[in-house]
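[1] This is a predicted model, with the sequence first.
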Amino acid sequence: MGIVFTRLFSSVFGNREARILVLGLDNAGKTTILYRLQMGEVVSTIPSGFPAPDSLIFFLPFAIGFNVETVQYNNIKFQVWDLGGQTSIRPYWRCYFPNTQAIIYVVDSSDTDRLVTAKEEFHAILEEDELKGAVVLVYANKQDLPGALDDAAITESLELHKIKSRQWAIFKTSAIKGEGLFEGLDWLSNALKSKSS
Ligand SMILES: Nc1nc2c(ncn2[C@@H]2O[C@H](COP(=O)(O)OP(=O)(O)OP(=O)(O)O)[C@@H](O)[C@H]2O)c(=O)[nH]1
Ligand SMILES: [Mg+2]
């Protein structure tokens, strides 16, 4: 990979850096969320593709590749990796697992046909050794769409209550409207702070 991730604790400002993976099935809204968090506005996205070589990791909104952005929030510098959710790409997610402090798992709450698949994938991710210590934030996304399930229904569908020995939370979001995303990050920054103290 050629990339070294460091957890930086700045002695001067107390700022911390956290490595966060944004995962979820294709079309869940991962890239839209990343852009929202970074820029506060929505850009049109294309499906995220095969992880690009290191040399191609730039902020190119329309590039095929995965996206990485740094979001500074609540004294924490979130280094957010948005990995493509297409079936062909998912096996490569594992390359990005080491040193992950948090997972943001994004669900299309209106895509009820794929909730079982989302649940299976989600629990498979939690089984990964390298992610055992990561806290989990679930975004029940696309709340603006008719028929979207609410947070309680998504909690049940994903069987979130089966999560043991780690902090988790679920937030209703609409990446299109920009709702719920920062509430989720508030929770995440507190969870990361309490974990490291
Ligand atoms: N209505 C609605 N549409 C959304 C929302 N979030 C994302 N979308 C749309 O859903 C589609 C897929 O969004 P992406 O952000 O590309 O999804 P992704 O999870 O990055 O998909 P992959 O890169 O294929 O894994 C796009 O057309 C987005 O505009 C939302 O909150 N509400
Ligand atoms: Mg994407």
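    Received the coordinates, thanks. Ligands and ions are numbered 1, 2, ... in the order given.
[2] ok, how many other residues are close to P91?
    Residues near P91, counting by other Cβ atoms under 10 Å, number 8. Glycine gets a C-beta too; all of them are placed from N, C-alpha and C.
[3] what separates it from V136, distance-wise?
    Counting by Cβ to Cβ, to the nearest Å, the gap from P91 to V136 is 21 Å.
[4] Now do the same contact list for G133.
    Q101, R166 (Cβ atoms under 8 Å, 6 or more residues apart in numbering).
[5] for this protein, which spans come out with low pLDDT?
    Residue ranges of the chain with pLDDT under 70: 1-15, 39-66, 197.
[6] Get me the contact residues on it for ligand 1.
    The chain has residues 24, 26-32, 45, 47-48, 84-86, 141-142, 144-145, 174-176 near ligand 1, with proximity defined as Cβ under 6 Å from any ligand atom.
[7] Let's see that with 8 Å instead.
    24-35, 42, 44-49, 82-86, 89, 106, 108, 110, 141-145, 173-177 (Cβ under 8 Å from any ligand atom).
[8] Show me what the most centrally placed residue in the chain is bridged to.
    For the chain, V22 is the residue whose C-alpha lies nearest the centre (Cα atoms, centre = their mean; 2.3 Å). Beta bridges link V22 to D82, I104, judged by DSSP bridges.
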